[in-house]
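Enquirer: sequence first, predicted model second:
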Amino acid sequence: MLKLSVAAGVPLIAITTRDTLNFPSVVEAHTAKTPTRIDPANTSQMAAFAKADSKQKLFWMVPNHRIEYDYVDLYKKMLDVGGSLIVANPKAVVEPMFNAGEVAVPQKLTIAFLKNIVSEEKRALDLARVLGGCTIKETAELVRLTMARDASLTPDGLMQTRRDVFQPGKGLAPIDTAQPYYGAPLPLQAWLEREKPFFLHSPDPRLMPRGLLFNGPPGTGKTSGAKWIAHQFGVPLFRVDVAGAKGRFVGDSETTLATNLSRVDQEEPCVALIDEVEKLFGHESHDSGTTAGMLSQMLWWLAEHKSRVLTVMTTNNDKILPKELYREGRIDEVMTFLGVPAGVERRGFVENVFMTFNPAKGWSKAQMQMAVSSVLKMAGEADHVPQARLTELAYRYLKVHNGLSS
């Protein structure tokens, strides 16, 4: 909206930004014009400004909130000289300002900044992917912190730093995507192989995957599936706790949820995990005006958001969810998680869990077969066994047989 309002010659434009330090560069990237900073409280500067030929210029200011500005007078002055004045972070958007909203940092600026550090464009692109929603100032700080800790700069390192400095809000928190082993179900593997290029690089938002609903019993790998997707995409994962956003007073819950969803939009590209949605939106729980309002807000966001955010919802029982929550256009696909099937796949899963421990990597073939067979015997003969149960049984085997000894 900033680009359009400047092109239209709107005299007084209100915006919000988290980085006034690099604001001129951001404005130039959006408008192809370099703004000149002015101080309306400086009478001599304003006198020169009033005489200036600013038809090809753009001005900006950061209000001092202890000063009362005559914005009507500023509007008239901008009309007289034929220019536009951007008011960054005003105390309130008042007449006659035009509200152009928050000004995001174009990714090309982030990539250009990173190229000055890593030189190679591919490395800069990989790093920029985990910095969606960050200002140039925030990017610089994350880079410095990461290099001070790791003595290197990698996407995983940047994501870890970003999680460490992220200030969780009520009902919103970052999640570590690292996990020792996850056996992604074959349908999920096929989905990711097909959709990954469109999520990361699609020039048309209509082709981007919007979300998935994971349905199945507890322990079958639904939440871990969201971690796996975010890790494979190389983007941050955020948990949107819708139930945790509920407040005591009328309107609090809807406001908190709106704030969290807006914040997730700003963190793009990322994955948003909404766990156990039936606890709030299931037919048995959906019994209040507040819940209905939050559901309406969630439905609107799922259908209308244009950000590069993949939503992963999980449920233990999709039968009690309102159908509109996971219809086409909001959620692309429903996947059922039943656990690890019997046979080669189950045996391979247990072996891979063991191989996450260094001592097990040195086992003989006979030792591994004995360990896997022992776990499978404890797991029983069910058609499907939850991943969590197989993992816990493997850990138990290691403890009993002192499997961590070298």
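Expert: Right, received. Where do you want to start? Predicted model, so just to flag it, every value in this text is computed and none were measured.
Enquirer: and residue 273, which of the three is it?
Expert: Here residue 273 is strand, with the state taken from DSSP: H, G, I helix; E, B strand; the rest coil.
Enquirer: quick check: beta-bridge partners of it?
Expert: Judged by DSSP bridges, the bridge partners of residue 273 are residue 239, residue 312.
Enquirer: so it makes contact with residue 239?
Expert: Yes. Using CB atoms under 8 Å, residue 273 is in contact with residue 239, at 4.9 Å. Placement of C-beta: from N, CA and C, glycine included.
Enquirer: who has more neighbours out of these two?
Expert: More crowded of residue 273 and residue 239, by other CB atoms under 10 Å: residue 273, with 25 against 18.
Enquirer: show me what contacts the more buried one?
Expert: 175, 223, 226, 237, 238, 239, 240, 312, 313, 314 (CB atoms under 8 Å, 6 or more residues apart in numbering).
Enquirer: distance of it relative to residue 311?
Expert: 8 Å (CB to CB, to the nearest Å).
Enquirer: so what's residue 281 closest to, chain neighbours aside?
Expert: residue 295 (5.5 Å; CB to CB, 6 or more residues apart in numbering).
Enquirer: so the one you found sits against residue 302, correct?
Expert: No. Between residue 295 and residue 302 there is no contact under CB under 8 Å: 10.4 Å.
Enquirer: more neighbours: these two, which one.
Expert: Shown here are residue 295 and residue 302; by other CB under 10 Å, residue 302 has more neighbours (23 against 19).
Enquirer: spatially central residue for the protein, please.
Expert: residue 270 (3.4 Å; CA atoms, centre = their mean).
Enquirer: now it: phi and psi?
Expert: In terms of degrees, to the nearest 10, the main-chain angles of residue 270 are phi -160, psi 170.
Enquirer: show me what contacts the residue nearest to it when sequence neighbours are not counted?
Expert: Leaving aside its sequence neighbours, residue 270 sits nearest to residue 236 (CB to CB, 6+ apart; 4.6 Å). The contact partners of residue 236, by CB under 8 Å, 6+ apart, come to 130, 132, 159, 162, 163, 174, 177, 230, 267, 270, 271.
Enquirer: let me know the pLDDT of residue 236.
Expert: Here the pLDDT value assigned to residue 236 is 90.
Enquirer: any weak-confidence spans in the stretch 1-150 of the chain?
Expert: 46-56 (pLDDT under 70).
Enquirer: switch the cut-off to 80
Expert: Along the stretch 1-150 of the chain, segments meeting pLDDT under 80 span 41-57, 133.
Enquirer: work out for me the element residue 263 sits within.
Expert: Element membership for residue 263 (DSSP states H and E) is helix 252-266.
Enquirer: er, residue 109 I mean
Expert: Residue 109 belongs to helix 107-118 when elements are defined using DSSP H and E.
Enquirer: touching, residue 350 and residue 389? I think so.
Expert: No. Residue 350 is beyond contact range of residue 389, at 10.8 Å (criterion: CB under 8 Å).
Enquirer: the two: which has the busier surroundings?
Expert: residue 350 (25 against 19).
Enquirer: centre of the chain to the helix holding residue 263, how far?
Expert: Averaging C-alpha coordinates over helix 252-266 and over its chain gives two centres that are 12 Å apart (CA atoms, centre = their mean, to the nearest Å).
Enquirer: name the residues linked to residue 36 by a beta bridge.
Expert: Applying DSSP bridges, one finds that residue 36 bridges with residue 59.
Enquirer: now the angle from the helix holding residue 263 to strand 270-274?
Expert: When axes from the mean of the first three to the mean of the last three CA atoms, to 10 degrees is applied, the directions of helix 252-266 and strand 270-274 differ by 150 degrees.
Enquirer: how far away is residue 44 from residue 4?
Expert: From residue 44 over to residue 4 the distance is 33 Å, taken as CB to CB.
Enquirer: look at the two and report which has more neighbours.
Expert: More neighbours surround residue 4 than the other of residue 44 and residue 4, with 11 against 8 (other CB under 10 Å).
Enquirer: what helix or strand is the more buried one on?
Expert: With DSSP H and E as the criterion, residue 4 is inside helix 2-7.
Enquirer: which strands or helices does that helix pack on?
Expert: strand 12-16, helix 23-31, strand 84-88, strand 98-102 (3 or more CB pairs under 8 Å, 6 or more residues apart in numbering; DSSP states H and E).
Enquirer: nearest to residue 378, out of these?
Expert: strand 98-102 (54.4 Å; CB to CB).
Enquirer: before we move on, the earlier item: need the CA coordinates for the helix holding residue 109. CSV is fine.
Expert: Written as CSV, here are the backbone C-alpha positions of helix 107-118 (Å, rounded to 0.1, in the frame of the first residue of the first chain):
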residue,chain,number,x,y,z
GLN,A,107,13.3,-10.0,0.6
LYS,A,108,15.7,-8.5,-1.9
LEU,A,109,17.0,-6.2,0.8
THR,A,110,17.6,-9.0,3.2
ILE,A,111,19.4,-11.0,0.4
ALA,A,112,21.5,-8.1,-0.5
PHE,A,113,22.5,-7.6,3.1
LEU,A,114,23.4,-11.3,3.5
LYS,A,115,25.4,-11.3,0.3
ASN,A,116,27.7,-8.8,1.8
ILE,A,117,28.4,-11.4,4.5
VAL,A,118,28.5,-14.7,2.7
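Enquirer: next, the buried residues of it.
Expert: Neighbour-count burial for helix 107-118 flags 107, 109, 110, 111, 113, 114, 115 (criterion: 16 or more other CB atoms under 10 Å).
Enquirer: ok, the fourth one - contacts?
Expert: Right, the one you point to is residue 111. 121, 124, 125, 128.
Enquirer: okay, the host helix or strand of residue 293 in PDB with CA atoms only?
Expert: Assigned by DSSP H and E, residue 293 falls within helix 289-304. C-alpha atoms of helix 289-304 as PDB (Å, rounded to 0.1, in the frame of the first residue of the first chain):
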ATOM      1  CA  GLY A 289     -20.000 -17.200  21.800                       C
ATOM      2  CA  THR A 290     -16.300 -16.600  22.400                       C
ATOM      3  CA  THR A 291     -15.400 -20.000  20.800                       C
ATOM      4  CA  ALA A 292     -17.700 -19.300  17.900                       C
ATOM      5  CA  GLY A 293     -16.100 -15.900  17.400                       C
ATOM      6  CA  MET A 294     -12.600 -17.500  17.400                       C
ATOM      7  CA  LEU A 295     -13.700 -20.200  15.000                       C
ATOM      8  CA  SER A 296     -15.100 -17.500  12.600                       C
ATOM      9  CA  GLN A 297     -11.800 -15.700  12.800                       C
ATOM     10  CA  MET A 298      -9.800 -18.800  12.200                       C
ATOM     11  CA  LEU A 299     -11.900 -19.800   9.200                       C
ATOM     12  CA  TRP A 300     -11.500 -16.400   7.700                       C
ATOM     13  CA  TRP A 301      -7.700 -16.500   8.100                       C
ATOM     14  CA  LEU A 302      -7.300 -20.000   6.800                       C
ATOM     15  CA  ALA A 303      -9.200 -19.100   3.600                       C
ATOM     16  CA  GLU A 304      -7.900 -15.500   3.000                       C
END
